[in-house]
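**Q** Just need the structure, nothing else, for what follows:
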Amino acid sequence: MKKTSITLLTTSAFAFCAALLLASTGIAAEKDTLNAADVKFIKQEAAAGMAVVKTAGLGAQKTSREDIKAFAQMLVTDHTAANDQLTKLAATKGVETSTVINPKDAEHYQTLEKSSGTEFDKEFLAEIVRGHKKCVSNFEEASNDAKDSDLKAWATGMLPTLKTHLGKAMELSAK
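**A** Next up is the predicted model:
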């Protein structure tokens with residue numbers, strides 16, 4: 001009886017350890033499901049999203065036009081939320097995102113910092129249009145080609161907002 005209990009306990013312990021090992025392998029495999037293109041998209045758009053928030057924050061501070069100020073604040077709000085969503089998604093997929101803005105975006109920001117008045121407004125809107133054209137293109141590609149279904153759904157869900165931003169920036173530029 002005692003030997004049967006020990007054998008049963010030992011077998012149960014081995015089964016439990018095996019289940020834990022298989023579960024942890026399954027979790028690791030889940031995190032490794034992203035292909036190189038999906039990882040690149042996440043990292044690229046995380047950096048671009050941070051750049052938009054920073055640039056839009058500057059726009060909200062420096063513009064003298066109320067319509068641009070409201071638009072810039074909308075960009076800060078929408079892109080901060082999108083950045084949070086992407087960061088959480090990246091974490092569940094085992095992808096680390098950087099908190100560093102890429103050098104080209106930092107250069108654009110520094111140029112904007114030095115301008116003022118109508119020159120600032122024109123350069124700010126041109127930067128937002130340029131960035132959102134590229135962003136919309138990247139998100140359309142990801143919504144069609146991403147291999148990860150969660151990433152694909154997120155990119156597809158973000159497209160209407162990004163297209164709205166682009167349209168509004170173009171509209172404000174025409175004024």
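**Q** quick check: domain ranges of the chain?
**A** 1-32, 35-174 (automatic domain parsing).
**Q** Can you give me the first-to-last residue distance of the last one?
**A** Between the opening and closing residues of domain 35-174 there is a gap of 40 Å (CA to CA, to the nearest Å).
**Q** Let me see the mean pLDDT of it.
**A** Domain 35-174 carries an average pLDDT of 95.
**Q** my guess is Asp145 contacts Asn35, does it?
**A** No. The criterion here is CB atoms under 8 Å, and Asp145 misses it with Asn35 at 9.9 Å. C-beta coordinates here come from the backbone N, C-alpha and C atoms, glycine included.
**Q** list residues touching both of the two?
**A** Contact with both Asp145 and Asn35 is made by no residue, according to CB atoms under 8 Å, 6 or more residues apart in numbering.
**Q** so where do the strands sit in the chain?
**A** For the chain, strands defined by DSSP state E do not occur.
**Q** about what we covered before: out of the domains of the chain, deepest packed?
**A** For the domains of the chain, the largest average neighbour count (mean count of other CB atoms under 10 Å) is found in domain 35-174, namely a mean of 17.
**Q** Please state the offset of that domain from the chain centre?
**A** 9 Å (CA atoms, centre = their mean, to the nearest Å).
**Q** ok, now how distant is the residue lying closest to Gly49 once chain neighbours are set aside from Lys175?
**A** Leaving aside its chain neighbours, Gly49 sits nearest to Asn83 (4.3 Å; criterion: CB to CB, 6 or more residues apart in numbering). Between Asn83 and Lys175 the computed distance is 28 Å (CB to CB, to the nearest Å).
**Q** Perfect, I'm done here.
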